[in-house]
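Chemist: For reference, the sequence and a predicted model appear below.
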Amino acid sequence: MGFDADVIVVGAGLAGLVATYELSRAGRRVVVVDQESEANLGGQAFWSLGGLFLVDSPEQRRMGIKDSYDLALADWLASAGFDREREDHWPRRWAHAYVDFAAGEKRRYLHGLGLRVVPTVGWAERGGGTATGHGNSVPRFHLTWGTGPEVVRVFREPVLDAASRGLVRFHFRHRVDELIVEQGAAVGVRGSVLVPSSDPRGAASSRDRVGEFELRAQAVVVTSGGIGGDHELVRRNWPVERMGPAPRSMITGVPAYVDGRMLEISETAGGSVVNRDRMWHYTEGIRNWDPIWPDHAIRIIPGPSSLWLDATGHRLPAPLFPGHDTLATLRHILATGHDHSWFVLTRSIVEKEFALSGSEQNPDITGKDLKLVLSRVKKGAPGPVQAFLDHGEDFVVRPTLRELVDGMNAIAPGPVVDFATVEREVLAHDQAVGNAYGKDLQLMSVRNARAYLPDKITRVAAPHRFLDPAHGPLIAVRLHVLTRKTLGGLETTLDSQVVRADGEPFEGLYAAGEVAGFGGGGVHGYNALEGTFLGGCIFSGRAAGRALAKRLA
């Protein structure tokens, strides 16, 4: 039986587009299959903020940031905490290769495709408080001018051009149910043709079948994403020994089609899945007042000034401050026996420090509207943030602390928030804020952040008393656990070739993006440095495409 293409790519997200781009530019024929409609081309990346992890970039140097490959690699390895002899063999190698890419060719590669970044560099995941521990030692978060849709566009357009020339064919609403393996090699896919869908991008679509299909090729590249859209699968893989029991209640930071199906299908065919207990979920999730997919959640990307309280009103311990150590904060919150926590802040803080993750929540940057971007420095909350203040079910806005706590208790899903406890924390903060120095580590962190000029101008509010009416009203935000990224996955070589359980390469089978733990089966180890997920899709998709372009007959 002849081949339908040189390569079949399973998944039309970012990693799939990158692999297809590299294959088609080498003249290879590619069939892309995806269970969703054409409206979802680009997958989850379309909804992203578009952050990219770059090292020693021109943007960093202009900001006075002294970064290097050695510093970035030290941060990466300290955060990853690789400790598994077999399962971390390829992830360790991917980590070195990816940091080298981020410090070298990555920016040139994307720039050549037409992608640009904003001139200021953000400081995400600031870490656990020591130079040798988790976190970014310096700002490295480069925001794409155009956010996620632009990252998708620079690969989508050349792929669509290749399709117009007959090199690429898309089979949307084709769900892969089985990998075809013959004589130990992956040679195709079988699956179900789903009923046509006119649902908008991201919305849950029908799984009703109207037929079957089979496609064959010299190789298959799996780029189908992670498990974050399936809460039961998240719970099944939850690292109970490390993080405690899985949350009883979670909200969803990814579309419903992020279902993890191809992990099991690939494993059944003989592929090795490793580090399945490693995952990256956020603690600053809020319910979307205008949802796109089921239980649609948005993540607050906070500045460092909000007081973070547990479900009863006690302040989280140092250094669990906003924007510092995601998984350590998640572990502490779950250890309280409750799934939610609270931010308490002022109008001055929300106006300057609250950003919302997602391309649709940042219309100024997504739309490349410079005038609208510049309006962010004006007084008042950005439009999307104000919409949540007005309509979000997790937001409480009140003029006094007593009224604020009463409002928190009116929407609290668990224990009563103790007013006296909250008052003690707020008064202690207000007493400490009067000096330019002190023992409060969070205020030290705020002042450290404001020593970085872009943070001082655009991101971090000047320290002030929470109970000063000039900075009011007071605001509380109920925070939920938000599912997001899968850090483990299909084990792959540096060419993105899937490895079998015995450690030998799986002939004809490749994987890239989140389904491969963004490279190797878990390039991030236990922790991510942020701005690294899109880059992992790009780097691993590129590796698969380039390796196959050279290898195929």
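Modeler: Sure, I can see it. Residues are numbered from 1 along each chain as shown.

Chemist: tally of neighbours for the closest residue to residue 541 other than its chain neighbours?
Modeler: Of all residues not flanking residue 541 in the chain, residue 18 sits nearest, at 3.2 Å (Cβ to Cβ, 6 or more residues apart in numbering). Using the backbone N, CA and C atoms, a C-beta is placed for each residue, glycine as well. Burial of residue 18 is recorded as 29 neighbouring residues (other Cβ atoms under 10 Å).

Chemist: phi, psi of residue 18?
Modeler: With angles defined as degrees, to the nearest 10, residue 18 sits at phi -70, psi -50.

Chemist: Was I right to think it contacts residue 545?
Modeler: Yes: judged on Cβ atoms under 8 Å, residue 18 makes contact with residue 545 at a distance of 6.6 Å.

Chemist: pLDDT wise, what is the residue nearest to residue 541 at?
Modeler: Here the pLDDT value assigned to residue 18 is 98.

Chemist: could you pull out the strands for the stretch 301-450 of the chain?
Modeler: Ranges of strands within the stretch 301-450 of the chain are 307-309, 341-346, 355-356, 395-398, based on DSSP state E, counting those that start in this stretch.

Chemist: same check, this time on the stretch 51-200 of the chain
Modeler: With DSSP E, counting those that start in this stretch as the criterion, the stretch 51-200 of the chain has strands at 51-53, 117-122, 141-144, 168-172, 174-182, 185-194.

Chemist: Out of these, which is closest to residue 526?
Modeler: Of all those, strand 51-53 sits nearest to residue 526, with 16.9 Å by Cβ to Cβ.

Chemist: Now find how far off-centre the closest one is within its chain.
Modeler: Here strand 51-53 is found 10 Å from its chain centre; the criterion is Cα atoms, centre = their mean, to the nearest Å.

Chemist: who does that strand touch, helix- and strand-wise?
Modeler: Strand 51-53 sits against strand 141-144, helix 533-551, with contacts defined as 3 or more Cβ pairs under 8 Å, 6 or more residues apart in numbering; DSSP states H and E.

Chemist: hmm, 10 Å instead?
Modeler: If you count contacts as 3 or more Cβ pairs under 10 Å, 6 or more residues apart in numbering; DSSP states H and E, strand 51-53 packs onto helix 89-103, helix 105-112, strand 117-122, strand 141-144, helix 147-164, helix 533-551.

Chemist: Mind checking those for the one nearest to residue 386?
Modeler: Across these, closest to residue 386 is helix 147-164 (Cβ to Cβ), at 19.3 Å.

Chemist: From the chain's centroid, how far away is that closest one?
Modeler: Chain-centre distance of helix 147-164: 20 Å, with Cα atoms, centre = their mean.

Chemist: Mind listing the shared neighbours of residue 18 and residue 545?
Modeler: Residues touching both residue 18 and residue 545 by Cβ atoms under 10 Å, 6 or more residues apart in numbering: 9, 512.

Chemist: Surely residue 548 is in contact with residue 510?
Modeler: Yes: in this structure, residue 548 is within contact of residue 510 by Cβ atoms under 10 Å, at 6.6 Å.

Chemist: on that earlier part again, could I get the strands of the stretch 301-450 of the chain in a markdown table, plus columns for distance to residue 300 and mean neighbour count?
Modeler: Formatted as a markdown table, these follow (distance: least, Cβ to Cβ, whole Å; neighbours: other Cβ atoms under 10 Å):
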| stretch | distance to residue 300 | mean neighbour count |
| --- | --- | --- |
| strand 307-309 | 11 | 24 |
| strand 341-346 | 8 | 25 |
| strand 355-356 | 6 | 21 |
| strand 395-398 | 10 | 20 |
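
Chemist: Determine which of these shows the lowest mean per-residue pLDDT.
Modeler: Mean pLDDT values for the strands of the stretch 301-450 of the chain show the minimum at strand 355-356, a mean of 94.

Chemist: Listing partners with orientation, what would you give for that strand?
Modeler: strand 297-301 (antiparallel) (DSSP bridges).

Chemist: Return the set of buried residues in the strand it pairs with.
Modeler: Residues of strand 297-301 classed as buried: 297-301 (neighbour count, 16 or more other Cβ atoms under 10 Å).

Chemist: just for this protein, where's the confidence low?
Modeler: Within the chain, the segments meeting pLDDT under 70 span 1, 553.

Chemist: what's the neighbour count on the nearest residue to residue 336 once chain neighbours are set aside?
Modeler: Leaving aside its sequence neighbours, residue 336 sits nearest to residue 310 (Cβ to Cβ, 6+ apart; 4.9 Å). For residue 310, the count of nearby residues is 23 (other Cβ under 10 Å).

Chemist: and residue 264, helix, strand or coil?
Modeler: Following DSSP: H, G, I helix; E, B strand; the rest coil, the label given to residue 264 is helix.

Chemist: cool, residue 259 as well?
Modeler: Three-state call for residue 259 (three-state DSSP): coil.

Chemist: picking that back up, for the residue nearest to residue 541, give me its contacts.
Modeler: Neighbouring residues of residue 18 by Cβ under 10 Å, 6+ apart: 9, 45, 151, 154-155, 159, 223, 512-513, 537-546.

Chemist: One more: residue 289?
Modeler: If a contact means Cβ under 10 Å, 6+ apart, then residue 289 has 296, 298, 387-388, 390-395 as its contacts.

Chemist: if you set the cut-off to 8 Å instead, what comes out?
Modeler: Applying Cβ atoms under 8 Å, 6 or more residues apart in numbering, one finds that residue 289 lies in contact with 387-388, 391-393.

Chemist: And for residue 488?
Modeler: By Cβ under 8 Å, 6+ apart, residue 488 lies in contact with 273-279, 517, 521-522.

Chemist: what's the answer for residue 358, then?
Modeler: 47-49, 148, 298-299.

Chemist: Next: residue 456.
Modeler: Here residue 456 is in contact with 449-450 (Cβ under 8 Å, 6+ apart).

Chemist: what's the helix or strand for it?
Modeler: For residue 456, the element it lies in under DSSP states H and E is helix 453-458.

Chemist: go on, residue 221?
Modeler: strand 209-222.

Chemist: Give me the residues contacting the helix or strand following that strand.
Modeler: Per DSSP H and E, the first helix or strand lying C-terminal to strand 209-222 is helix 231-236. Helix 231-236 is contacted by residues 227-228, 246, 250, 252, 259-260, 279, 281, 483 when judged by Cβ under 8 Å, 6+ apart.
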